[in-house]
Each structure stands twice: as C-alpha cells, then as structure tokens.
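# turn this into a model:
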Amino acid sequence: MKSFKKFTSSVVSLPRTNVDTDMIIPAQYLTSVSRSGYGENLFRRLRDEESDFPLNLEKNKKSKILLVDDNFGCGSSREHAVWALMSWGFKAIIGKGFADIFKSNSGKNGLVLIELPAETIDSFFSRAKSEVLNITVDLFNQKITEENQTSYSFSFDPFQKQCILEGLDDIAYLLKYKKDITTYRNSKEVKRYYKTSKANF
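As a prediction, this is how the structure comes out:
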C-alpha cells in the first residue's frame, strides 16, 4: 500500500444516494484473482447506459477526488469496489456518508473517505455544475481546502490515519513491531519455562 501524500485535484461530482457496490463494479466483472484490472469497469453499467455519466466526460478523466451523496458503497461487502475506484485513479472520496463495510475496506486499502455535513456537500454539488472545483486533501491535518483557501475539517479514525499515512496494511503494521512482539513472546516463554520446571519438582 502506498503512503498517502497531501494532494490537489479537481472533483468528479456524483450526486446520487445509495450507490451500491454492484453499481461501482458490476458482479460480472469480478473475474480476476488479483486486486488490479478493475478500474476499466468502474461504474461500467452506468457508463454504458448514460453517455453523460460523469466518468465519461473528458474533463473528469484525471480527477482524483470523487464527490458523492449519502450511503455510498452500500450493498454487498465486495472489496473489489474499493480496488476499482483506486485503479481508476481516485485517492479520496468526499461525501455525506458511507456504508460501514465499504468504509472499513477503504481504510485497509488506503482510499481516504471524508465525511462532511450535508449542506457542505450540497454546496459542492451545486458549484461543480458550473465550475471546476479544485480541492486540496490534507489527511495529516485532517483538512480539505478550496482554491479560495476556505477550509473544512473532518474526523478520521486515528489508527487508519496512521496506517494510510505510512502506507501500511494490517500485516505491514504488525511487522513494524516485530522486534517488540518477539521480545515480549520470549519473555513470556522464559517465565512459562521456569514456572513449568518448578511444578515438576
């Protein structure tokens, strides 16, 4: 997992509630056994059905921030939805709210989810219709900033924040403390050995 760096990008606006994981990556495209290759089929059904779907527009091709409505990522627990979003190029999603399992999967893969008040998101949606909305995402300081320097603070799980900033998945995080874990285990083994030895006399 790559470490997260502060970055600035335009946003892709997707003002729809209850976008589920099957909409994000349809089931028929879950054919790979790896995490790669899903980006080309991100929102495939919607992109095929709607010529003006946001991801079809040339102006949005290089955007790294997705702006969404409430309950984004609901439905099945497929982790592929996160892989597809990241494979497309998204590094952060800003919205009113996210489904719990999708939120957990995102944190474990380094995709930053930012929840802001509904009125703030609605304001972004409105402005994104007529202008290019550029936003700087600063996870370390838990703040996003517009070009006019208007800033918004957001809350974030401390453990997930540390892992994402350092580029650590669950296993890598544990390995970071391998020396401490080994020392602790060895101390316990020594105590257990002496306790068992005394019991045998």
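# from here on, contacts and neighbour counts on C-alpha atoms
Fine.
# what residues does stretch 144-161 touch?
Residues outside stretch 144-161 that contact it (Cα atoms under 8 Å, 6 or more residues apart in numbering) are 107-108, 114-116, 133-140, 142-143.
# roughly how far apart are the spatially most central residue of the chain and Lys179?
Nearest to the mean C-alpha position of the chain, by Cα atoms, centre = their mean, lies Leu111 at 2.1 Å. Distance of Leu111 to Lys179, given as Cα to Cα, to the nearest Å: 29 Å.
# which residue packs closest to Ile24, ignoring adjacent ones?
Phe43 (4.6 Å; Cα to Cα, 6 or more residues apart in numbering).
# roughly how far does the one you found sit from Gln162?
In terms of Cα to Cα, Phe43 sits 30 Å off from Gln162.
# more neighbours: which of the two?
Phe43 (20 against 16; other Cα atoms under 10 Å).
# Lys129: neighbour count?
Neighbours of Lys129 using other Cα under 10 Å come to 10.
# so for it, what's the pLDDT?
What the model reports as pLDDT for Lys129 is 90.
# and stretch 108-124, what's its mean pLDDT?
Per-residue scores along stretch 108-124 average to 97.
# which residues sit against it?
Taking Cα under 8 Å, 6+ apart as the rule, stretch 108-124 contacts 1-4, 67-69, 82-83, 86, 90-98, 103, 106-107, 133, 154-156, 160, 164, 167, 169-170.
# what's the answer for stretch 90-99, then?
By Cα under 8 Å, 6+ apart, stretch 90-99 touches 63-74, 110-118, 121, 137.
# mind redoing it with 7 Å?
64-74, 111-118, 121 (Cα atoms under 7 Å, 6 or more residues apart in numbering).
# keep only those of those that are in helices.
Ala118, Ile121 (DSSP state H).
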